[in-house]
Every structure is written in structure tokens, then in C-alpha cells.
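Chemist: Compute the structure for the input listed below.
(3 chains)
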Amino acid sequence: MKLKAGIYWGAGCGGCDVAVLDVHEKILVVAEKMDLLFWPIALDFKYKDVEAMDDGYLDIAMFNGGIRNSENEEIAKLLRKKSKTMVALGSCAHIGGLISMANFHTKETIMSRVYLESESTDNPDSVLPLEKWNGGKEELELPRFHQMVKTLDQVVDVDYYIPGCPPVPDQIVSALSQVWEGTLPEKGSVIGAGTRTLCDECPRIKEEKTITSFKRTVEIIPDSEKCLLEQGLLCLGPVTREGCGARCINSNVPCRGCYGPLEGVHDQGAKMLSALASVLEPKEEKEIDELIGQIADPLRTFYRFSAAASILRRKKV
Amino acid sequence: MAVRIGVYICHCGTNIAGKVDIAKVVEFAKGLENVSLVKDYKFMCSDPGQALLQKDVEDGLIDRVVVASCSPLMHENTFRKATERGGLNPYLFTMANIREQCSWVHIDSGQTTDKAKDLIAAAVRRAFLLEPLTKREVPINPRTVVIGGGIAGIQAALDLAEAGKKVVLVEREPSIGGHMSKFDKTFPTLDCSACILTPRMVSVGQHANIELMTYSEVEEVSGFVGNFNIRVRKKARYVDSELCNGCGACWEKCPGTRVPRKGNVHEKLSLGPTTPIYMPFMQAVPAIPVIDTETCLYFKDDKHACGLCAKECERGAIDYEMKDEIVEFEVGNIIIATGFQTFDPSVIKRYGYGEIENVMTALEFEIMNCASGSTGGKILKADGGVPGSIGIIHCVGSRDKHYHDYCSRVCCMYSLKYSHLIKEKTDAEVYEFYIDMRCFGKGYEEFYDRLLTEDVRFVRGKVAEVTDVPTCKAEEGKLIVKVEDTLIGNVRRIPLDMVILSTGLEGHATLREIAKKCSVSVGQDGFLIEKHPKLGPVSTATDGVFIAGACQSPKDIPDTVAQASAASSAVLSMITREKIEIESATAEVDEDKCSGCKLCNTLCPYLAVKFDEEKGVSVVNQALCKGCGTCVAGCPSGAISAKHFEDRQIFAEIEGIFSGL
Amino acid sequence: MSFEPKIVGFLCNWCSYTGADLAGTARIKYSPNLRSIRVMCSGRIEPTFILKALYEGADGVLIAGCHPGDCHYQEGNYKALRRHRMLRMILPGFGIEPERVRLEWVAASEGERFATIVDEFTEEIRSLGPLKVRDSLEMVLSEDVILNLDTAMEEGGDANEA
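Modeler: Here you go, the predicted structure:
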């Protein structure tokens, strides 16, 4: 019997949906095993089609994107209700993703930046989006823009996570095959990724590390054989789950952490900070400050993908 | 099965109960999750107190134990043992410190009680997640290495050897004996230093259980308690110790010199021969000379013109081609007894040492007093004349914010000894410039009393300056000591013929290096840190590494000898056990999680974390690990965990602190 | 009632915890606002622990280790220092004053110093005011539309009204 599936995007860039399409001819295998009953980005289904389903009707729902507004949250809850298995697909649903860097700002500053201040904005009347508008025959509504980005599991119970920004297409297929083969691991597991950190699949030669300077990627052309961290590039590989095939690393670019931390690591950014601080060379406060001062935007470097899933979750207001 | 935690709250008489509302705390503890019984008792550490928890464990009422009482540093072990006697793994016990860090230090009873509740809630949460740990034992190699052959090392080596244990004694210098061999008399008894030291040195040289390595340095220490591997560099003496019989023919004919040829009496001070081939002093053990290649004509001259000593040596013991030799051996324990060096007073410019003639250090004065030294024990000025007045300046480099804060403990006493010797040997006037007289040892105050009757002038005040620039006729050709005499409240200028600087003791220049090799720490004062300042004075943070003598702090001879014997007895107690239990709360790598990033590889001070090339993962050598947890905090993948201090256990404690909000 | 800060301390076993015990033995009185967690070495203290303490309700966090050069495990305190310096860099991004996380060196013999540090730090935190990370988070979240799906559907699926 074919499995009934749904795919939905919350607050995201659509890259995860594209990644699903990027499985190329394997989509045929997927199509053979699954019926896609809901996938707004690709197929014309309505919310009411989902609402009409019995609870638990779908075998699997894959939710990508974070929870940024009330619509994201509503559909997440709806899909949770209608699905036997809920999968968080991609970094945003998994750990907040790039969009959760917005948590370092308040809703007000975001609105004002986007609608009033940005260099490309022409808004002489300083019009801001309204949640309700009653200008015509009927009242129009927009979903409420929430105060902060949440991960999927901060609003609904999540069964599995497929990490990545975006997830590697092959990994999506292999994760899905676990669904139809009935070989899914324990609930709450990350699927479609490895069990160690990226350094395990990184082909570069790794030595003992003592860091004496930090470089930005624009400043040097790194030696493609050697560990990037040892060359002063802030690579998050040591604190990031493997499974992507070291895509960035193989392009001579440091890992930015999109696959998230391993189990047992509570805060990806803080863990990287701890590990990195351990291997810095200086011992005097002044020299330490000088060295760490070379890190460009440390907050968003350490928490590029995981702000929403961090312990503190957002900038305190 | 559900976890059942027993919470025991100690009154500690009124120490805790006087400030903490025990009844309220008991009620609070009863309401905590997973707590199945709460008891309070007057003194938990007493036999009935321990029996209380032991019985509850025996009866199967509880499987985790929390005792809220004093500091774990006080009684953790006591209660661990009680827990174990009850039949439970001792690591399933934890403590809440509601005395030292609670009832004793706060004023408001309500706030103190609240704090006690939080600490107990934290301990209960932690207890819930505790895991049993297994005790681990390793066998102990009965051989010991003693590093340093001064009186401390000699004493420790002899104690062990007499007990029938094998010892390797490694000494940096060509002979054992250390500083004590440079002294003429020892305070306060004035016995002859050589007379009491030499027989011990000879015993060391002859003892079947002692392997003596002089002119040798420890290059590397690896391994762990019971199983250390030591690598020693035996420096080339250029004299074959198997062949040499110490006759002295070599130095008698040697044309070179190690002291300035045209130097004055003070510059030429020496105990042994001043030739490049020399013995440091005549009672040296072993009685085998070495060649100083810096001054030896054979080594200085490309054509190797000299070679006289080789010609003179009937036994053909001179070997100019000799090379350093590396020796490796295994031991079970290490005693560090590397001693001290004296403070270099040339950095205190205003005392003029090295600039003005007749300003000398205490150690130079010692050598001058030695009957076997270059002056034959006579006290002489640099020009060879007899001094008519001598000043002794105390606390040079000690008790001084600019140099060393600490008191060097021996300077007052050796200064008194000098006064006595000067009075005995010359008619000179003697001045002692002191801050406070510290005469704390057996017979010391009595010695001071005796000196007060020997016409020595004691001036209480820190010397400001020693100068040779006169301001009046009486000062011409003299050294002038400028000092505030605090007892009469005047600044005085006292003209003298000679000034002795009572330089303090400091950790040897190489101490940090040897400390690093042995994984022990050097404190801010520059001396080795003992395990506990009161209760662990000879052991260190590293199991199997012991310390004795002035490498730990400035000491006189009796204290040094006592500590050396203490160290050897601590080693003996280790050896006699044959096996030793090692730290259970170690770090551990989950090999399934480790990615081999090598970030942790440089973090371990004990080199316990190593990379296993075959498996491609880092591993923690359980025998070397001390459980500090630095690698755990440094592991980015969470693959290393700290047993007994796991992340989740610490998280639980944090949550516990706030659970009662 | 005046604001009583709650401070979490992470103390190394050998120097700072011993120093804190000494303050007790000497009966030196200090503010009752600190709750300490003992670890073997300041090198064990992870930034994660500090964030966790702040999240759970700490108004301040005190990290204490052996003086530089005196570490029982040789160099753990240097790692603590570097982690602390780095953590300070990112705290403002989370809206937390870096002064709320303090690192101090306390030797086993410095009972009095420990007490002074706790007193001073308590006053500093008192003047900074309550932190209340969790309360603030809950307040922010309460402004979001909290959906109760079942009620929403019954009322005609207009979720935003709910």
C-alpha cells in the first residue's frame, strides 16, 4: 500500500522544497511508494483539503521552514493532528535556521528595518502591515508576525528530524526509504544524517590545534588539504553533524553549522565557543581579547543556524 | 524501577540547626521528587549517624543517598564509605554543603534556610542521575626515583634503601650533597656540616639499593602512578667513572682555571680545585672529577693542544670523546627534591652587589668560612685584609613586595650564625640589620639570646642603601650602610668594611621544567604546590609524585629532613600496598561519537588524551586521567563525558537550585 | 520586598570551593545569595552551564578557579578564562549584560576574599536588577497567537480569531 504524505513550508526560503525536487529521477521511486496529498509549493491543494482529513490520515508530514507567524504555527498544528509521523525537514524546522538570527532583534526593529529603514524601501507614508484591514467589502487578514522564530518542536511534537540547509537530496531519499521500509529509529532521532560530527567525513588532514589568529574567508585562499580551523578559519565542522558530504568543505569554504549539533549538545554555539576557547594560544586577558576580537560577528557566527534552538532562544527584551 | 532517594539532614549540634530551620527543610525535602525518606540527626558523621543511612540502604529502602551537612571536602569520604557498607555503590551518594557555605556564613535565618533548601534540591536532582562507578586498581613498581641529591634527596633515598627498596637518585651536579655541602657550620647547634653530611653521602654512594646518577638530568617522565617511565640524560663527564679512582693527579697538573686569574679573594672563592677538571669539593660523592668544557684548554683550543690530564692519569680514565648518554628506567613513584637557589641580589641596585667590592652574598660568605675552601676558612676582605667591621643585611629578596612576599625562614638564623663565626674568628664589629627576628625552631630563640650577649649590634630597620660614596672623613674607604633605625627613630649611616646580604631562598630556575615533566604545579611563590597545605604536605595533585625539602617552600635542615622522611614513608606506604586505587571519576570518549577532530588532543595536562590512528578517534588513558574535565568542556561533539560530573548531572543541579522558586 | 538576586556559582574543587569552605570555617559573614555547584576544575565549566543557569533564573553567575599558575590541573583555569572572555562577547546579543557573568580567582587560603567577592558581586547584580530570562521569554511568547486547534476548528477554522 502506498504511503500518504504531505509537505509544507513554514518560514523558509523554499530551498528544502527544491531539495526534494532535486532528488531527480529518484522522485519516481518516491512517487511509487508515496502519494503526495498536500504540497502547496508544487501542487494545488487547499488547507481545507487537509482539514477534511481524518486525524492521523497522513502517514507522514514533512514540515520545512521555521515558525515565524501564526499561519506557520496553525498549519504545523494541523499537520501534526492529521499525520502519524511528523518530520522536521531542514535547518529552520530543525534548529531555527538562518531566519532565527532574527531572534537577536525585536519584532519592532525588524518591522521598522524592513518597512521603513532599508535602503531599498520607498515608503513615504511609513505604512506598516496590519493584521486586519477593513477597507473593502470584507475584512482582510494577515497572519500575525510573531515575536520570535521557533523551531517546529517548540510548537508541536516532532518525531524525526532531517537536518541541513538544505538537506542533501540523497539523504532525503534515504530518510524516506526508512519510512516505507519501516526501519525508522527511536522517536526523536535525526535521520538522513550521520552520527558523528563533520570532521569525520571531512577529508582534510587534522593535526593538534593551537589557534593564534582568525581569518575571514575573503582574506586567504586556504590550503585545501589542511583543516580549515587550523588555518584560522572559523569552521563549525567540529560542532556540526555530518551527513552533508562536506559540501562546503570540499569547496574550500568552512562549515557554517547547518546540520546542527549532535545529541547531548544543548547549545551548538556555546559548545563551539567552549571548544574553540580551549585551543586558543594566549593566556593573558588582553591578548585573548585581541585574538577573539578578530572573529567577525561572533554571535551570528556561532549561532548562524541554531539561535532558535539555543538555550536562551532570543535576545532578552 | 523508580529511584528512591534518602535525604539525611545533619544538625551538626547547633552549627547547622542554630541557623537553619531543620523542620522546614525536612518538610521541603519530603516534597521533592523521587525522595522516599527524609531523616534528620544531630551528628550525621557520628557512628550512629552513619549507621542510620547504612541501615536504610541495607534494608533496601533507598538506592541513592543525599547527606546535607558539612563540606564534601570534610566528609564526602566518610559517607561514601557508609553508603558502600550498606551495599550501594559509593558514587550513588552526594552531599549538600549546608554548613561551611551556608549556616556558618549567613546572618538571616530565613535566607539561610532558603539557601539550604535550594542546595538540597540541587543535590537531590543530581542524585537522581548519579551512576555507579567502578573502582580501578593498578600495580605499583617498587622502585622509586628521587630527583635531587641534596640533603632532602639523600635522606629520602636512604630511608627507602634501608627499607629494602630500590632507589634511583638523580642529581644535576657532579656530586650529591647540595647546598648543605657548602656550609661550614649549621645553626643553632654549630655542628660541622661536613661531619654530619659526609657519612650520609658515602652511604648513598655505597648502598646496594641505591643507583646513583650524578651529573644527570631527568629529560622526560611518562606513565602514571605505579608505572612511571623515566628518561635521564647522563651528561658527559669526560672522565670514565669505572676507571677513575679520584686520586687528583689530573687537576694538580691542569694549567687552566675556572676562576678569574687576576681576581680578588672574593672572586676566587671556591670549595674544590679551581681548575677546569675538578671535583666540586673534596668530599664529593662520587669522588670523580668532571671537565668544564667552557674553560678547559683542550676543548677551547681547536688543535686540542693541552691534553695534560689525560697524560697524567695513570688509569687512562680521561675520555675527551665521551658523549651524553640517555638512560631509561621504570619506577612506581617519584620524589622531587630539587631544592632551592638563592636570590640574586644584583637586581637590587641600591645594595651594590656586583658593583661594589666587599658586598657579598650569604652563600659566598659560607664558602669563605669553609675550612676546606679557598681561604681556608678565614674571613677576608676582597683585598685579602682582615675586616674590622661587617654588616649583615636581612631579608634580601624576601618579605619584599618587589621580589618575594614570603619569609625565607632560614636567613635570620644563618645571619646569627655568621655573627657568631665572625666574633669567633675576628675582632670585627658586627651589625645585624633586621626587620623582625624570626627564631621559631628548636633551640633557635636560645641561640638568638646567646648572640645578644656576644656584642653584636642589632639594628631594627630595612637597609635603604649600601654605598661607597663618603660624605665625611670617617666614611672614606668604607662601605656605608644607610638605614632607618626604627627603634631610635633616626636614619643612620654606618661605615663598614664588608657587607653580607642575607639572600632569600627561591624555587630553582629549572623547577617549572621538572614540575611540568612530573605534572605537578608551581605556585605563585615559585615553589611546588603540595596536595594540601596542612594535611597533604608531601604529596601532590599527581598520584605517585611526592615532594620534599625546599622545592616546596623555604626550609631549614631539620624540616627538610623531616619532610624527606615523610615523603619516603608515603612512598613506602604506596609500595607496601602493591596496588593502588586510581581516580574513578574520569573522562571517557564515546568512540561512536568522536569524529577525530583532535581539538581535545592538546588540552590534557597529563597527556591522557591521545589520538588512536587506527580507530581514527581520540581516547582517554584511564590510568592517566585525573578527572578535571577540561577535555569534556573542550569536546565540540559531546563525545567526551566526565563521569560523576556529566553535563546532565550539572544541568540537574542548576535546575534544582531554581526548582523551589 | 527588595530585590534579592539569585546567583549561581561554579567553583573549582581545589582552590575556590576550598576557599569558600575556609570563609565558613572562619565564620566570615557574606550575602546569602550565592548557590554553588562544585566541579573539579574551572576547566570543566562550559559556557553552556552558564547559559543554562541564566535561563533557569540566575540573575548572575560566578565562576571561580585557582589563580593563574596555581591550577591544580595546571592549566584548566586558562581555558576557563578564555571561555569567559568569549562568552562575554556574545552575551549582549542575548540581551544580557556581560557583567552578570563574573570570573574570579580564589585560592584555597582566600576565604575572606571569597566573601568579599560574593558581597560585591551580589551588590553589583542587585544594582543591575532582576534578569528573569525565562519570564521575559514567556511574556514574549504570550504575545504570539496561541492556537488551540480544536476550538479554532469548531468555530469555523478561523484560527487567528482564537
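Chemist: dump the residue contacts of A:E242.
Modeler: A:A193, A:G194, A:T195, A:R196, A:T197, A:L198, A:C199, A:D200, A:E201, A:Y259, B:S595 (CB atoms under 8 Å, 6 or more residues apart in numbering or on different chains). (Glycine included, C-beta is placed from N, CA and C.)
Chemist: ok, the closest residue to it other than its chain neighbours - how many residues close by?
Modeler: Leaving aside its sequence neighbours, A:E242 sits nearest to A:G194 (CB to CB, 6 or more residues apart in numbering or on different chains; 3.7 Å). By the criterion of other CB atoms under 10 Å in any protein chain shown, A:G194 has 18 neighbours.
Chemist: wait, doesn't A:G194 sit right on A:C244?
Modeler: No. Here A:G194 does not reach A:C244: they are 9.1 Å apart, not a contact under CB atoms under 8 Å.
Chemist: my guess is B:K117 is in a strand, correct?
Modeler: No. Per DSSP: H, G, I helix; E, B strand; the rest coil, B:K117 lies outside any strand segment and is helix.
Chemist: Just confirm yes or no for stretch C:126-141 near chain A.
Modeler: Yes. Using CB under 8 Å from any CB of the partner chain, we find that stretch C:126-141 touches chain A at C:L131, C:V133, C:S136, C:L137, C:V140, C:L141.
Chemist: before we move on, what SS does the first one have?
Modeler: Meaning C:L131. coil.
Chemist: Repeat that for the last one.
Modeler: When classified by three-state DSSP, C:L141 comes out as helix.
Chemist: what about it, neighbour count?
Modeler: C:L141, neighbours per other CB under 10 Å, totals 16.
Chemist: which residues sit in contact with it?
Modeler: A:Q147, A:M148.
Chemist: what separates it from A:E141, distance-wise?
Modeler: 21 Å (CB to CB, to the nearest Å).
Chemist: got CSV for the contacts of A:E242, with pLDDT and distance to A:S224 too?
Modeler: Converted to CSV, the contacts of A:E242 look like this (pLDDT from 0 to 100; distance: CB to CB, whole Å):
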residue, pLDDT, distance to A:S224
A:A193, 94, 24
A:G194, 93, 22
A:T195, 93, 26
A:R196, 95, 22
A:T197, 96, 20
A:L198, 96, 16
A:C199, 96, 16
A:D200, 95, 18
A:E201, 94, 16
A:Y259, 97, 21
B:S595, 95, 19
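Chemist: Now for the residues you listed, which sits with the most neighbours around it?
Modeler: A:Y259 (34 neighbours).
Chemist: OK, contacts around that one?
Modeler: Contacts of A:Y259 by CB under 8 Å, 6+ apart are A:S91, A:P163, A:G164, A:A193, A:L198, A:T240, A:R241, A:E242, A:G243, A:C244.
Chemist: which regions of chain C lie under the pLDDT threshold?
Modeler: C:1, C:145-162 (pLDDT under 70).
Chemist: before we move on, the earlier item: same list, the contacts of A:Y259, but as a markdown table with secondary structure please.
Modeler: Shown next, in a markdown table, are the contacts of A:Y259 (three-state DSSP):
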| residue | secondary structure |
| --- | --- |
| A:S91 | helix |
| A:P163 | coil |
| A:G164 | coil |
| A:A193 | coil |
| A:L198 | helix |
| A:T240 | coil |
| A:R241 | strand |
| A:E242 | coil |
| A:G243 | coil |
| A:C244 | coil |
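Chemist: you'd agree C:V61 is in a strand?
Modeler: Yes. With three-state DSSP as the criterion, C:V61 is part of a strand.
Chemist: and it, how many neighbours?
Modeler: By other CB under 10 Å, 28 other residues sit near C:V61.
Chemist: returning to what we had before: what's the most distant pair in the contacts of A:E242?
Modeler: For the contacts of A:E242, the farthest-apart pair by CB to CB is A:A193 and A:C199; their separation is 14.3 Å.
Chemist: what sits against the most centrally placed residue in chain A?
Modeler: Residue closest to the average C-alpha location in chain A (CA atoms, centre = their mean): A:S91, at 1.6 Å. By CB under 8 Å, 6+ apart, the contact set of A:S91 is A:G97, A:L98, A:P163, A:G164, A:C165, A:P166, A:C258, A:Y259, A:G260, A:F305.
Chemist: Need the phi and psi values for the fifth one.
Modeler: Taking degrees, to the nearest 10, you get phi -130, psi 90 for the backbone angles of A:C165.
Chemist: residues in contact with it?
Modeler: A:G15, A:G90, A:S91, A:C92, A:G97, A:L98, A:C258, A:F305.
Chemist: repeat that with 6 Å
Modeler: Contacts for A:C165 (CB atoms under 6 Å, 6 or more residues apart in numbering or on different chains) come out as A:S91, A:C258.
Chemist: Please apply the same query to the first one.
Modeler: Residues near A:G97 by CB under 6 Å, 6+ apart: A:G66, A:S91, A:F305.
Chemist: from these, which single one is nearest chain C?
Modeler: Checking the contacts of A:G97 against chain C by CB to the nearest CB gives A:G66 as the nearest, at 13.0 Å.
Chemist: what about the closest residue in space to the closest one that isn't next to it in sequence, which helix or strand?
Modeler: Among residues not flanking A:G66 along the chain, A:C92 sits closest, at 4.0 Å (CB to CB, 6+ apart). If you go by DSSP states H and E, A:C92 is part of helix A:90-95.
Chemist: Which element is encountered next along the chain beyond that helix?
Modeler: helix A:107-112.
Chemist: Give the buried residues for that next one.
Modeler: Residues A:K107 are the ones in helix A:107-112 that count as buried (16 or more other CB atoms under 10 Å in any protein chain shown).
Chemist: wait, what's in contact with the nearest residue to C:A53 once chain neighbours are set aside?
Modeler: Leaving out its chain neighbours, the residue that sits closest to C:A53 by CB to CB, 6+ apart is C:V8, at 4.1 Å. Contacts of C:V8 were listed using CB under 6 Å, 6+ apart, and they are C:R35, C:A53, C:A58, C:V61.
Chemist: Quick one: which of those residues is the most crowded by neighbours?
Modeler: Ranked by the number of neighbours (other CB under 10 Å), the contacts of C:V8 place C:A53 first, at 31 neighbours.
Chemist: ok, that one to B:T134 distance?
Modeler: Per CB to CB, C:A53 is found 31 Å from B:T134.
Chemist: how close does B:F365 get to A:N69?
Modeler: 87 Å.
Chemist: Those two: which is more packed in?
Modeler: Neighbours were counted for B:F365 and for A:N69 using other CB under 10 Å; B:F365 has more, 24 against 20.
Chemist: and that one, how far is that from B:I379?
Modeler: When B:F365 is compared with B:I379 (using CB to CB), they lie 8 Å apart.
Chemist: Please apply the same query to B:R126.
Modeler: Distance from B:R126 to B:I379, counting by CB to CB: 68 Å.
Chemist: Kindly report the same for B:R261.
Modeler: From B:R261 to B:I379 the distance is 23 Å (CB to CB).
Chemist: the more surrounded of the two?
Modeler: B:I379 (20 against 9).
Chemist: Residues of chain B that sit close to chain A?
Modeler: Applying CB under 6 Å from any CB of the partner chain, one finds that chain B approaches chain A through B:593, B:595, B:597-599, B:601-603, B:633-634, B:636-638.
Chemist: which of these are buried?
Modeler: Using 16+ other CB under 10 Å, the buried members of the residues of chain B next to chain A are B:593, B:595, B:597-599, B:601-603, B:633-634, B:636-638.
Chemist: Just name the closest of the residues you listed to chain C, please.
Modeler: Distances from chain C to these, taken by CB to the nearest CB, are shortest for B:A633, at 4.5 Å.
Chemist: name the element the closest one belongs to?
Modeler: helix B:630-634.
Chemist: Which neighbouring elements make contact with that helix?
Modeler: Here helix B:630-634 touches helix A:268-278, strand B:640-642, going by 3 or more CB pairs under 6 Å, 6 or more residues apart in numbering or on different chains; DSSP states H and E.
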